[in-house]
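[1] Kindly return the folded structure for what I paste below:
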Amino acid sequence: MSTDSISPIMMSIPERFESKRLLIRAPLWGDGAAVNQAVTESIEELRPWMPWAKSLPTLEESEASIRRSRLQFLERTDLRLLLFQKETGELVGGSGLHRFDWQARTFEIGYWVRTSCSRQGYITEAVKAITKYAIHELAANRVEIRCDARNLQSAAVAERSGFLLEGILRNDTRGIDGSLRDTRVYSKVRGVEF
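    A predicted model of the protein is given here:
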(Lines give C-alpha, C1' and ligand atoms only; values in the text may rest on other atoms or scores of the structure.)
Protein backbone atom coordinates (compact mmCIF):
# COMPACT_ATOMS: atom_id res chain seq x y z
CA MET A 1 0.00 0.00 0.00
CA SER A 2 1.39 3.43 -0.89
CA THR A 3 2.00 6.03 1.80
CA ASP A 4 -0.54 8.30 0.05
CA SER A 5 -3.43 6.05 1.12
CA ILE A 6 -2.36 5.70 4.76
CA SER A 7 -3.92 7.98 7.33
CA PRO A 8 -1.13 9.97 9.04
CA ILE A 9 -2.28 8.68 12.46
CA MET A 10 -1.48 5.14 11.26
CA MET A 11 2.03 5.97 10.07
CA SER A 12 5.01 4.68 12.02
CA ILE A 13 7.24 7.73 12.26
CA PRO A 14 10.54 7.58 14.15
CA GLU A 15 10.45 9.83 17.21
CA ARG A 16 14.22 10.26 17.35
CA PHE A 17 17.15 10.38 14.99
CA GLU A 18 20.69 11.75 15.06
CA SER A 19 23.02 14.00 13.14
CA LYS A 20 26.75 14.26 13.75
CA ARG A 21 26.43 16.25 17.01
CA LEU A 22 22.73 16.22 17.77
CA LEU A 23 20.04 13.94 19.11
CA ILE A 24 16.83 15.17 17.49
CA ARG A 25 13.62 13.89 19.05
CA ALA A 26 9.96 14.43 19.67
CA PRO A 27 9.08 16.15 22.96
CA LEU A 28 8.43 14.05 26.04
CA TRP A 29 6.62 14.92 29.23
CA GLY A 30 9.17 16.50 31.54
CA ASP A 31 11.05 18.40 28.81
CA GLY A 32 9.43 21.68 29.87
CA ALA A 33 12.18 22.55 32.38
CA ALA A 34 14.97 22.30 29.78
CA VAL A 35 12.95 24.29 27.25
CA ASN A 36 12.11 26.94 29.85
CA GLN A 37 15.78 27.31 30.78
CA ALA A 38 16.83 27.71 27.12
CA VAL A 39 14.04 30.19 26.36
CA THR A 40 14.82 32.20 29.51
CA GLU A 41 18.47 32.43 28.45
CA SER A 42 17.52 33.42 24.89
CA ILE A 43 14.36 35.51 25.22
CA GLU A 44 15.91 38.77 23.96
CA GLU A 45 17.23 37.11 20.79
CA LEU A 46 13.98 35.20 20.20
CA ARG A 47 11.53 38.02 20.89
CA PRO A 48 11.92 39.92 17.57
CA TRP A 49 11.16 36.81 15.48
CA MET A 50 9.07 34.32 17.45
CA PRO A 51 5.43 35.13 18.26
CA TRP A 52 5.53 32.70 21.19
CA ALA A 53 8.44 34.66 22.77
CA LYS A 54 6.54 37.89 23.51
CA SER A 55 6.81 37.18 27.21
CA LEU A 56 8.85 34.84 29.33
CA PRO A 57 6.91 31.61 29.99
CA THR A 58 6.58 30.13 33.45
CA LEU A 59 7.92 26.63 34.06
CA GLU A 60 4.33 25.35 34.08
CA GLU A 61 3.56 27.06 30.74
CA SER A 62 6.66 25.49 29.17
CA GLU A 63 5.68 22.04 30.41
CA ALA A 64 2.09 22.50 29.20
CA SER A 65 3.43 23.49 25.77
CA ILE A 66 5.61 20.36 25.68
CA ARG A 67 2.65 18.17 26.63
CA ARG A 68 0.47 19.70 23.90
CA SER A 69 3.31 19.17 21.42
CA ARG A 70 3.65 15.54 22.49
CA LEU A 71 -0.02 14.95 21.78
CA GLN A 72 0.19 16.78 18.43
CA PHE A 73 3.16 14.63 17.44
CA LEU A 74 1.19 11.47 18.20
CA GLU A 75 -1.83 12.83 16.32
CA ARG A 76 0.47 13.86 13.42
CA THR A 77 -0.93 17.41 13.43
CA ASP A 78 2.43 19.08 14.23
CA LEU A 79 5.87 17.50 14.52
CA ARG A 80 7.81 19.57 17.05
CA LEU A 81 11.36 18.37 17.59
CA LEU A 82 13.89 19.19 20.31
CA LEU A 83 17.61 19.39 19.61
CA PHE A 84 20.02 18.00 22.19
CA GLN A 85 23.80 18.02 22.07
CA LYS A 86 24.75 14.33 22.05
CA GLU A 87 27.94 14.85 24.05
CA THR A 88 26.44 16.81 26.95
CA GLY A 89 22.67 16.24 26.74
CA GLU A 90 22.12 20.03 26.77
CA LEU A 91 19.09 21.38 24.91
CA VAL A 92 20.47 23.35 21.95
CA GLY A 93 17.14 24.59 20.61
CA GLY A 94 13.96 23.59 18.90
CA SER A 95 12.80 22.79 15.42
CA GLY A 96 10.21 20.66 13.74
CA LEU A 97 7.90 20.23 10.79
CA HIS A 98 4.88 22.49 10.87
CA ARG A 99 2.02 23.71 8.69
CA PHE A 100 2.13 20.61 6.55
CA ASP A 101 -0.21 19.06 4.02
CA TRP A 102 -0.27 15.25 4.19
CA GLN A 103 -2.05 14.99 0.81
CA ALA A 104 0.61 16.98 -1.07
CA ARG A 105 3.41 15.87 1.30
CA THR A 106 4.61 19.43 1.92
CA PHE A 107 6.27 20.47 5.16
CA GLU A 108 7.69 23.65 6.66
CA ILE A 109 10.74 23.59 8.93
CA GLY A 110 10.89 26.08 11.78
CA TYR A 111 13.82 26.50 14.16
CA TRP A 112 15.36 28.45 17.02
CA VAL A 113 18.64 28.17 18.92
CA ARG A 114 19.51 29.00 22.48
CA THR A 115 21.88 31.96 22.77
CA SER A 116 24.84 30.03 24.23
CA CYS A 117 24.72 27.59 21.29
CA SER A 118 24.29 30.10 18.47
CA ARG A 119 26.78 30.54 15.65
CA GLN A 120 28.14 27.01 16.08
CA GLY A 121 26.35 25.40 13.12
CA TYR A 122 23.84 23.42 15.18
CA ILE A 123 20.76 24.75 13.41
CA THR A 124 22.15 24.22 9.93
CA GLU A 125 23.08 20.67 10.97
CA ALA A 126 19.57 20.14 12.37
CA VAL A 127 17.84 21.54 9.26
CA LYS A 128 19.82 19.21 7.01
CA ALA A 129 18.96 16.19 9.20
CA ILE A 130 15.28 17.15 9.49
CA THR A 131 15.08 17.64 5.72
CA LYS A 132 16.43 14.10 5.22
CA TYR A 133 13.93 12.84 7.80
CA ALA A 134 11.06 14.54 5.91
CA ILE A 135 12.23 13.05 2.61
CA HIS A 136 12.91 9.50 3.79
CA GLU A 137 10.41 8.99 6.61
CA LEU A 138 7.52 11.20 5.47
CA ALA A 139 7.90 10.97 1.67
CA ALA A 140 8.07 14.76 1.39
CA ASN A 141 7.57 16.31 -2.03
CA ARG A 142 8.39 19.80 -0.80
CA VAL A 143 10.18 21.13 2.27
CA GLU A 144 9.94 24.85 2.94
CA ILE A 145 11.53 27.43 5.22
CA ARG A 146 9.88 30.81 5.77
CA CYS A 147 11.46 33.65 7.67
CA ASP A 148 11.10 37.36 8.24
CA ALA A 149 13.06 39.07 5.46
CA ARG A 150 14.95 41.05 8.13
CA ASN A 151 16.08 37.87 9.91
CA LEU A 152 19.36 37.43 8.08
CA GLN A 153 20.62 34.67 10.39
CA SER A 154 17.57 32.53 9.65
CA ALA A 155 17.90 33.20 5.91
CA ALA A 156 21.58 32.18 6.07
CA VAL A 157 20.61 28.83 7.63
CA ALA A 158 18.22 28.15 4.74
CA GLU A 159 20.87 29.05 2.18
CA ARG A 160 23.64 27.02 3.88
CA SER A 161 21.24 24.06 3.95
CA GLY A 162 20.79 24.19 0.18
CA PHE A 163 17.28 25.68 0.09
CA LEU A 164 16.48 27.94 -2.86
CA LEU A 165 14.89 31.35 -2.40
CA GLU A 166 11.61 31.19 -4.31
CA GLY A 167 10.57 34.72 -3.56
CA ILE A 168 9.67 37.34 -1.02
CA LEU A 169 6.07 37.83 0.01
CA ARG A 170 5.74 41.58 0.48
CA ASN A 171 3.74 42.91 3.46
CA ASP A 172 2.84 39.29 4.14
CA THR A 173 2.10 39.51 7.85
CA ARG A 174 2.51 41.61 10.98
CA GLY A 175 5.79 41.35 12.82
CA ILE A 176 6.03 41.03 16.58
CA ASP A 177 6.30 44.83 16.81
CA GLY A 178 3.08 45.27 14.82
CA SER A 179 4.74 46.52 11.63
CA LEU A 180 4.11 44.87 8.28
CA ARG A 181 6.85 42.47 7.35
CA ASP A 182 8.06 40.69 4.25
CA THR A 183 8.55 36.93 4.31
CA ARG A 184 11.33 35.05 2.50
CA VAL A 185 10.19 31.68 1.16
CA TYR A 186 12.84 29.00 0.59
CA SER A 187 12.24 25.44 -0.59
CA LYS A 188 13.61 22.09 -1.67
CA VAL A 189 11.45 20.12 -4.09
CA ARG A 190 11.43 16.41 -4.97
CA GLY A 191 12.91 15.77 -8.37
CA VAL A 192 14.90 19.01 -8.33
CA GLU A 193 16.85 19.37 -5.07
CA PHE A 194 16.38 15.81 -3.77
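[2] can you tell me which residues contact the closest residue to R99 other than its chain neighbours?
    Among residues not flanking R99 along the chain, E108 sits closest, at 4.7 Å (CB to CB, 6 or more residues apart in numbering). C-beta here means a position set from N, CA and C on the backbone, and glycine is covered the same way. By CB atoms under 8 Å, 6 or more residues apart in numbering, the residues touching E108 are L97, H98, R99, F100, V143, E144, I145, R146.
[3] Now rank those residues by neighbours and give me the top one.
    V143 (29 neighbours; other CB atoms under 10 Å).
[4] contacting residues for that one?
    Applying CB under 8 Å, 6+ apart, the residues contacting V143 are T106, F107, E108, I109, T131, A134, I135, F163, S187, K188.
[5] Dump those to JSON lines, plus distance to L23, secondary structure and pLDDT.
    Shown next, in JSON lines, are those (distance: CB to CB, whole Å; DSSP: H, G, I helix; E, B strand; the rest coil; pLDDT from 0 to 100):
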{"residue": "T106", "distance to L23": "26", "secondary structure": "strand", "pLDDT": "98"}
{"residue": "F107", "distance to L23": "21", "secondary structure": "strand", "pLDDT": "98"}
{"residue": "E108", "distance to L23": "22", "secondary structure": "strand", "pLDDT": "98"}
{"residue": "I109", "distance to L23": "17", "secondary structure": "strand", "pLDDT": "98"}
{"residue": "T131", "distance to L23": "17", "secondary structure": "helix", "pLDDT": "98"}
{"residue": "A134", "distance to L23": "18", "secondary structure": "helix", "pLDDT": "97"}
{"residue": "I135", "distance to L23": "20", "secondary structure": "helix", "pLDDT": "96"}
{"residue": "F163", "distance to L23": "23", "secondary structure": "coil", "pLDDT": "98"}
{"residue": "S187", "distance to L23": "27", "secondary structure": "strand", "pLDDT": "98"}
{"residue": "K188", "distance to L23": "23", "secondary structure": "strand", "pLDDT": "97"}
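[6] after the helix or strand hosting R67, next one along is what?
    Per DSSP states H and E: R67 is located in helix 59-75. Remark: after helix 59-75, the chain's next helix or strand is strand 79-85, criterion DSSP H and E.
[7] can you count the residues close to S116?
    For S116, the count of nearby residues is 11 (other CB under 10 Å).
[8] Kindly confirm my reading that it forms part of a strand.
    No. Counting by DSSP: H, G, I helix; E, B strand; the rest coil, S116 is not found in a strand; it is helix.
[9] So for K54, what pLDDT did the model give?
    The model reports K54 with a pLDDT of 88.
[10] That one reaches R47, doesn't it?
    Yes. With contacts counted by CB atoms under 8 Å, K54 reaches R47, the gap being 6.9 Å.
[11] what sits in contact with each of the two?
    What both K54 and R47 touch, as defined by CB under 8 Å, 6+ apart, is the set I176.
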